[in-house]
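Student: Generate coordinates for the sequence data below:
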Amino acid sequence: EVQFVESGGGSVQAGDSLRLSCTTSGFPFGDGAIGWFRQAPGKEREGVSCIITSRGNSYYADSVKGRFTISKDNAKNTVYLQMNDLKPEDTAVYYCATKRGLITPEIWNLVPYDYWGQGTQVTVSS
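Tutor: Residues are numbered from 1 along each chain as shown. All right, here's what the predicted structure looks like:
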């Protein structure tokens, strides 16, 4: 079973930045992907970004391209989500999740992920 420590959420103003961290244990960091997802009140969960933990390939939802950057530190089993120029519509609970096996750009936000973190709240006010 994979365990997570998520951190970095908070309440900020529009235009500010936050960096989310997701540290895993029990996940083979070189085999699969770690994704960030978010869910706003009354809305379905959506994929935000994903990184292939072996090669470092990264994928983004159109709504965050150019503003968010995903990165990894294999030595720390940690994935980061740097979020710049935050907007009120970015307000949501952000979750990281792990997926073993092959992930491609076409399916990263469509396939079921194996394990999920507890989530961290991000609130952006205008």
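
Student: For the rest of this, base every contact and every neighbour count on C-alpha atoms.
Tutor: Will do.

Student: residues touching the closest residue to residue 68 other than its chain neighbours, list them.
Tutor: Nearest residue to residue 68, sequence neighbours excluded (CA to CA, 6 or more residues apart in numbering): residue 83, at 4.4 Å. Residues in contact with residue 83 (CA atoms under 8 Å, 6 or more residues apart in numbering) are 17-20, 67-69.

Student: any idea how far residue 83 is from residue 34?
Tutor: 16 Å (CA to CA, to the nearest Å).

Student: Counting neighbours, what do you get for the residue lying closest to residue 126 once chain neighbours are set aside?
Tutor: In space, and not counting its chain neighbours, residue 126 is closest to residue 14: 5.2 Å by CA to CA, 6+ apart. Number of residues near residue 14 (other CA atoms under 10 Å) recorded here: 17.

Student: Quick check: residue 14 touching residue 90?
Tutor: No. Using CA atoms under 8 Å, residue 14 is not in contact with residue 90, being 9.4 Å away.

Student: Report the central residue of the chain.
Tutor: residue 36 (1.9 Å; CA atoms, centre = their mean).

Student: in the sheet, who's paired with it?
Tutor: Note on residue 36: beta-bridge partners by DSSP bridges are residue 49, residue 96.

Student: Quick check: the gap between the residue nearest to residue 39 when sequence neighbours are not counted and residue 32.
Tutor: In space, not counting the residues next to it along the chain, residue 39 is nearest to residue 45; the distance is 4.3 Å by CA to CA, 6+ apart. Residue 45 sits 21 Å away from residue 32, taking CA to CA as the criterion.

Student: again with residue 69
Tutor: For residue 69 relative to residue 32 (CA to CA), the value is 19 Å.

Student: can you check residue 16 too?
Tutor: Relative to residue 32, residue 16 is positioned 31 Å away (CA to CA).

Student: Fine by me, thanks again.
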